[in-house]
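Engineer: sequence first, then the predicted structure, then my questions.
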Amino acid sequence: MRGNVTLRELQQRLRGVGHEISASGIQKIEAGVRRVDVDDLVALAVVLGVNPNALLFPKSLDEPVAVTGADPADLVRVWEWADGITPIDGDVGSDGYVRGLRPDFIPAGNSKIGPVTFEDLNLRVDELSAIIKTLVDQNAAKEQSGDGND
């Protein structure tokens, strides 16, 4: 993944984003000798300009991919699972799986998540505020009609 970026350059890039891994540490990661924690994974993905999944899973493979805690699966299934499209066990009818993965403003079943802007979030907040106001007004009207003061 690092292409022609030297170990020292990669070390400097990591330092630039506030994450220290020595050149020898990077070399050990590449050799499979040093474990990578989540912070390492994310920092490496950021400085290399890739999705963390690109560092976790192969791009091409003819044999099933081993995923800790799951049965080996074909590469397409593993990438779909990692991208939050389908569960690793193949139960594609599990709406709860997709609902549990993403924030409410990203629709379930959306395999391509576009960038979310503050404008998008503000529109969603405005929509939710309007719904809450309607519910509060309806509740107040019910209470008013139920106490004989209408």
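Structural biologist: Sure, I can see it.
Engineer: so after the helix or strand of the chain with the lowest mean pLDDT, what's the next helix or strand?
Structural biologist: Ranked by mean pLDDT, DSSP states H and E, the weakest helix or strand in the chain is helix 95-101, scoring a mean of 60. For helix 95-101, the following helix or strand on the C-terminal side (DSSP states H and E) is helix 118-146.
Engineer: which residues touch the nearest residue to Asn51 once chain neighbours are set aside?
Structural biologist: In space, not counting the residues next to it along the chain, Asn51 is nearest to Ala45; the distance is 6.4 Å by CB to CB, 6 or more residues apart in numbering. Placement of C-beta: from N, CA and C, glycine included. By CB atoms under 8 Å, 6 or more residues apart in numbering, the residues touching Ala45 are Asn51, Pro52, Ala54, Leu55.
Engineer: what strand or helix carries Ala45?
Structural biologist: Residue-wise, Ala45 maps onto helix 38-48 under DSSP H and E.
Engineer: hey, C-alpha coordinates of that helix in CSV?
Structural biologist: Extracted in CSV, the C-alpha atoms of helix 38-48 (Å, rounded to 0.1, in the frame of the first residue of the first chain):
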residue,chain,number,x,y,z
VAL,A,38,-7.3,0.4,15.8
ASP,A,39,-5.5,3.7,16.2
ASP,A,40,-2.6,2.4,14.1
LEU,A,41,-5.0,1.1,11.5
VAL,A,42,-6.9,4.4,11.2
ALA,A,43,-3.7,6.5,11.1
LEU,A,44,-2.1,4.4,8.5
ALA,A,45,-5.3,4.5,6.3
VAL,A,46,-5.4,8.3,6.6
VAL,A,47,-1.8,8.9,5.7
LEU,A,48,-1.9,6.3,2.9
